[in-house]
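Asks: Give the three-dimensional model of this entry:
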Amino acid sequence: TAQNGDMLTGTIANRVHISIAANANVALKNLTIDYKAPPGSNYPFHNPGITCKGNATIILEGTNKVKAFEGDFPGISAATNNSTLTIKGDGSLEAIGQMGGAGIGGGNGGNCGNIVIESGSITATGGNNAAGIGSGYSNSCGNILISGGTVKATGGNNAAGIGTGDGNSSCGSITITNGVKEVIAKKGINADCSIGKGNGNSSCGKVTILGVEYWNGSGYVNDEGRIYLQDPDLKIIP
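Replies: As a prediction, this is how the structure comes out:
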């Protein structure tokens, strides 16, 4: 468990449950978490790459990669109970979910709190039925705010790039401000939106991009909103 002021660095390729203590600021510096089970292994290790235990701030330095170990888990799991995961810094992060887990957010049946990205270069890829940033399969996440940095988020099948996964997934409001450098969101096959709701019975709160509201929490604001959010390769540059 990383404590406030700690730094995680180096390559972790063994079965290690890595978490961040509640209310801790932790740096990732040239960190690689990419466990691969040995051929024929009968001992799966089902865990997120990093688990946040409460409010957490991740500060990016250098080049970082965080992949869920195995199973329906996110690359970085944001804590529940109205906690907030904040990501910032001058470095980069590649976050990868497995199966029903988001790149950054929740896993299959595991809810998550709020997600804030203030800076950095972020690439987030969801597993099958899971968003790149947001909820995994059949779970909920809180609000998503992207106020800076460069972000590329790709959803798995039936999932949004930024927003919800498949099934009974939900998320709060999604806000992307003029402070971002670039945001690219790509929905998975059969997903409704690249930003917003995925497929099935999923739902999301308001979607506001560069000051314009495109979804009011229950439907598209206008035809432009529908076409815009459903673009399979949605690029936002202020």
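
Asks: So the residue of the chain most remote from its centre, which state does it fall into?
Replies: Residue farthest from the centre of the chain, counting by Cα atoms, centre = their mean, is residue 40 at 30.5 Å. When the structure is reduced to helix, strand and coil (DSSP: H, G, I helix; E, B strand; the rest coil), residue 40 reads as coil.

Asks: immediately after the longest strand seen in the chain, which helix or strand?
Replies: Residue-count comparison of every strand in the chain, with assignments taken from DSSP state E, identifies strand 24-33 as the longest. Helices and strands here follow DSSP states H and E; after strand 24-33, the next one along the chain is strand 50-52.

Asks: Sheet-wise, list the partners of that following strand with their directions.
Replies: Taking DSSP bridges as the criterion, strand 50-52 pairs within the sheet with strand 19-20 (parallel), strand 76-77 (parallel).

Asks: Name the surrounding residues that touch the first one.
Replies: So the one you mean is strand 19-20. Taking contacts as Cβ atoms under 8 Å, 6 or more residues apart in numbering, the residues outside strand 19-20 that touch it are 1, 2, 26, 50, 51, 52, 53, 56, 58. Where C-beta positions appear, they are placed from N, C-alpha and C, glycine not excepted.

Asks: Excluding chain neighbours, give the residue nearest to the second one in space.
Replies: What sits nearest to residue 2 in space, not counting adjacent residues and going by Cβ to Cβ, 6 or more residues apart in numbering, is residue 26, at 4.5 Å.

Asks: residues touching the one you found, list them.
Replies: Shown here is residue 26, whose contacts under the criterion Cβ under 8 Å, 6+ apart are 2, 3, 4, 5, 6, 7, 8, 20, 56, 57, 58, 59.

Asks: Which residues are in contact with the fourth one?
Replies: Looking back up the chat, that one is residue 5. Taking Cβ under 8 Å, 6+ apart as the criterion, residue 5 is in contact with 24, 25, 26.

Asks: Over to residue 115?
Replies: Residue 115 makes contacts with 78, 84-85, 87, 104-105, 133-134, 141-145, as judged by Cβ under 8 Å, 6+ apart.

Asks: Would you give the sheet partners of the helix or strand hosting it, along with the direction of each?
Replies: Element membership for residue 115 (DSSP H and E) is strand 114-117. For strand 114-117, sheet partners with direction are given as strand 84-89 (parallel), strand 144-146 (parallel), following DSSP bridges.

Asks: The helix or strand that that strand is followed by to strand 84-89, inter-axis angle?
Replies: Toward the C-terminal end, the helix or strand that comes next after strand 114-117 (DSSP H and E) is strand 121-125. Orientation note: strand 121-125 sits at an angle of 130 degrees relative to strand 84-89 (axes from the mean of the first three to the mean of the last three Cα atoms, to 10 degrees).

Asks: how far is the strand holding residue 115 from where the chain is centred?
Replies: Here the centre of strand 114-117 is set off from its chain's centre by 9 Å, with Cα atoms, centre = their mean, to the nearest Å.

Asks: try stretch 172-184
Replies: For stretch 172-184, the distance to the chain centre is 13 Å (Cα atoms, centre = their mean).

Asks: Could you give me the buried positions within it?
Replies: For stretch 172-184, the neighbour count (16 or more other Cβ atoms under 10 Å) marks 172, 173, 174, 175, 176, 180, 183, 184 as buried.
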